[in-house]
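# I'll drop the sequence and a predicted model, then ask my questions.
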Amino acid sequence: MKQIGFCHGVLFKTRDAYSKENIDIFKKCGCNAIEINCHSYLEAEKLEGMLSYLEGFDYVSIHLPNDIKYKNDERTKSLLAKIDDFYMKSGAKLAVVHPDLVEDWSVFDDYSINWAIENMDDRKNSFRYYDDLRKFFTEHRQWNLVLDLGHCNANDKTMALADKLISEFENIIKEIHLSGYETLHDPLHKTKQVEIIKYCGELDAPIIIESIFEESDGIAGVKKEFDYILSNLK
């Protein structure tokens with residue numbers, strides 16, 4: 001079975017994302033992977049308390065906060081020290097950052113972390129298409145790519161963009177982000193966008209599902225999404 005699971009915050013509208021109860025929902029679905037999305041700078045304080053909940057997952061990654069500009073300053077260094085501590089203690093395999101938030105890439109150089117950026121969606125002005133990404137990886141050869149297939153779909157409904165990114169960057173794609181994309185990170189069992197799921201079969205990389213659930217979906221919606229994706233993986 002592929003390494004596949006959820007971003008831990010997909011149920012944030014219904015429960016405390018950092019609770020054991022939340023993590024156990026994903027385990028009961030049969031997930032063997034999880035990404036901890038440390039959504040804000042302040043949430044980094046909660047990482048230490050999660051370590052015992054992550055036992056049993058074959059793959060763990062962490063997504064860095066998106067409410068901070070990454071500079072060579074004390075605030076950034078303080079955050080990255082917490083990320084580094086969690087990364088080492090959890091046995092995480094990858095740490096993901098939104099590239100449009102980085103003002104100084106050198107601040108990441110002091111850590112023995114497997115760093116990655118992800119391709120951005122249609123709300124952003126950069127890092128959406130091949131040319132931006134090619135330029136970045138030419139200049140930062142130690143970095144990896146998280147291929148967000150929902151973001152590809154947001155930028156190009158034909159999915160030719162996904163074809164191009166896989167063709168050019170397959171050797172550095174270390175994780176896949178997966179969700180539907182009619183509005184923003186929609187459950188695939190609702191959008192029925194099987195054309196997004198099919199790309200997962202082309203890559204030997206862990207799959208992290210980022211579909212966001214409403215209160216009306218309930219816990220059953222998580223299992224329904226997981227099973228729908230599994231049934232459409234080729």
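Thanks, I have it.
# surely I197 meets P187?
No - counting by CB atoms under 8 Å, no contact exists between I197 and P187, whose distance comes to 11.9 Å. Placement of C-beta: from N, CA and C, glycine included.
# excluding chain neighbours, what is closest to the residue nearest the centre of the chain?
Central residue check for the chain by CA atoms, centre = their mean: the C-alpha nearest the mean position is that of H177, 5.1 Å away. Closest residue in space to H177, ignoring its immediate chain neighbours: D148 at 3.9 Å, by CB to CB, 6 or more residues apart in numbering.
# so who does that neighbour touch?
Listed by CB atoms under 8 Å, 6 or more residues apart in numbering, the contact partners of D148 are E118, N119, M120, D121, I176, H177, E210.
# now, which of the residues you listed sits nearest N37?
The shortest distance between N37 and any of those, using CB to CB, involves E210 and amounts to 8.4 Å.
# how far away is the residue nearest to the closest one when sequence neighbours are not counted from N125?
Spatial nearest neighbour of E210, chain neighbours left out: S179 (4.3 Å); criterion: CB to CB, 6+ apart. Remark: distance between S179 and N125 (CB to CB, to the nearest Å) = 21 Å.
# one more: D110?
Shown here: D110 relative to N125, a distance of 29 Å by CB to CB.
# which helix or strand contains the residue nearest to the centre of the chain?
For H177, the enclosing helix or strand under DSSP states H and E is strand 173-178.
# ok, and the most crowded of the contacts of D148?
Neighbour count (other CB atoms under 10 Å) singles out N119 as the most crowded of the contacts of D148, with 25 neighbours.
# now do the same end-to-end measure for stretch 133-146.
Using CA to CA, to the nearest Å, the gap from the first to the last residue of stretch 133-146 comes to 11 Å.
# rounded mean pLDDT for the strand holding H177, please.
For strand 173-178, the mean per-residue pLDDT is 98.
# buried residues, the very next helix or strand once past that strand. List them.
Note on strand 173-178: by DSSP H and E, the next helix or strand toward the C-terminus is helix 188-191. Neighbour counts over helix 188-191 (16 or more other CB atoms under 10 Å) mark L188, H189, T191 as buried.
# out of the residues you listed, the closest to E48 would be?
For these, the residue nearest E48 by CB to CB is L188; the value is 33.0 Å.
# so which residues of the protein form strands?
According to DSSP state E, the chain carries its strands in the segments 4-7, 33-37, 59-63, 94-97, 115-118, 144-148, 173-178, 207-209.
# which among those is found nearest to K20?
Closest among the strands of the chain, once you apply CB to CB, is strand 33-37, at 12.8 Å.
# export that closest one to CSV, keeping only CA atoms.
The C-alpha trace of strand 33-37 is given here as CSV (Å, rounded to 0.1, in the frame of the first residue of the first chain):
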residue,chain,number,x,y,z
ALA,A,33,1.0,8.8,6.7
ILE,A,34,0.3,12.2,8.2
GLU,A,35,1.4,15.8,7.7
ILE,A,36,1.4,18.2,10.6
ASN,A,37,0.3,21.6,9.3
